[in-house]
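Student: I'd like to go over a predicted model; first the sequence, then the structure.
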Amino acid sequence: GINAEYMGPCPPTWSALPPKGAATWDLCCYCFEVLLAHLRRLPPPPFPLSCDPLFEAPLFVTWMKQRRGRPDELRGCIGCLEPVRFGSGLPDYVLRSSQEDRRFPPIQLDEVASLACRLSILSDFESCADAFDWEVGLHGVLIEFPGHGGRRHSATYLPEVALEHGMTRRVAIQELVAKAGYVDPCNKELLHRVRATRYKTLVEALTHAEFVSAHGRTHPTPMVLVPPARPLQSRQN
């Protein structure tokens, strides 16, 4: 990953994730700054002054392409279920989600104006009594189960996924089983082997237009355009 550790005055120290507000908004703006700096071949931006660069939490970075009169289109999403240090880890996942999601071509500079960024920070992990012991829209769900030949399968949906796609818990679990790479039927016998974990997320999101408005207030000198960098090579297995 890239090194974008905090430099400057003493940063705040977070004993827990702060509520949604100015600091989480700054983190989302920072995601746009990291992406633009990469595409414009500029040095990595400084970490936001309002945030603790040493704070650790699991997170996902999602990029959506806005389409007039139509639903937004997923453009990339990659994250980690293990704690990530914000100062060094968040910029890494900004670039992974925008450049290395194998489902999509890397995001290009001329696309950025049509994007929205969503930062999901995960917390409150709890073991479920069964595969359906969670609430659509409130919880994300992680499933893990053994497959053929001792292979372990796992997959997760963030809380907003099932809600935005109108899924019931049963449909979401069936979709997750397929997402985990399991090709046999999702039957009662399999569901008994599923170990499910639920969690909650703090979600901050902003459009490029909102970022430009905020960026103009805090960075009056415009960033210099240079030719975009070559895409990162995928490091996914």
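Tutor: Right, received. Where do you want to start?

Student: Which parts of this protein are strands?
Tutor: Taking DSSP state E to define them, one finds strands in the chain at 56-67, 70-85, 115-127, 140-146, 152-157, 195-207.

Student: want to throw those strands into TSV with distance to residue 31 and mean neighbour count?
Tutor: Placement of C-beta: from N, CA and C, glycine included. Shown next, in TSV, are the strands of the chain (distance: least, Cβ to Cβ, whole Å; neighbours: other Cβ atoms under 10 Å):
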stretch	distance to residue 31	mean neighbour count
strand 56-67	6	20
strand 70-85	11	16
strand 115-127	5	18
strand 140-146	19	20
strand 152-157	20	17
strand 195-207	9	18
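
Student: Residue 208: how many residues sit nearby?
Tutor: 18 (other Cβ atoms under 10 Å).

Student: quick one, what contacts it?
Tutor: 32, 112, 113, 114, 115, 116 (Cβ atoms under 8 Å, 6 or more residues apart in numbering).

Student: What are the neighbouring residues in contact with residue 72?
Tutor: Shown in contact with residue 72 (Cβ under 8 Å, 6+ apart): 64, 65, 66, 116.

Student: Repeat the analysis, applying 10 Å as the threshold.
Tutor: 63, 64, 65, 66, 114, 115, 116, 118, 164, 207 (Cβ atoms under 10 Å, 6 or more residues apart in numbering).

Student: Look at the fourth one and report its pLDDT.
Tutor: In the prediction, the pLDDT value recorded for residue 66 is 90.

Student: Correct me if wrong: it contacts residue 118.
Tutor: No: counting by Cβ atoms under 10 Å, residue 118 is not a contact partner of residue 66; they are 12.0 Å apart.

Student: Tell me the predicted confidence for residue 100.
Tutor: Reading off the model, residue 100 has pLDDT 97.

Student: With distance to residue 215 added, can I get the strands of the chain in a markdown table?
Tutor: Formatted as a markdown table, these follow (distance: least, Cβ to Cβ, whole Å):
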| stretch | distance to residue 215 |
| --- | --- |
| strand 56-67 | 17 |
| strand 70-85 | 20 |
| strand 115-127 | 13 |
| strand 140-146 | 30 |
| strand 152-157 | 32 |
| strand 195-207 | 11 |
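
Student: Of all those, which one is nearest residue 21?
Tutor: strand 195-207 (9.0 Å; Cβ to Cβ).

Student: which strands and helices sit next to the closest one?
Tutor: helix 22-39, strand 56-67, strand 70-85, strand 115-127, strand 140-146, strand 152-157, helix 159-164, helix 208-218 (3 or more Cβ pairs under 10 Å, 6 or more residues apart in numbering; DSSP states H and E).

Student: Determine which of these approaches residue 108 most closely.
Tutor: The nearest among the helices and strands packed on strand 195-207, by Cβ to Cβ, is helix 22-39 at 7.3 Å.

Student: what angle do that closest one and strand 56-67 make?
Tutor: 70 degrees (axes from the mean of the first three to the mean of the last three Cα atoms, to 10 degrees).
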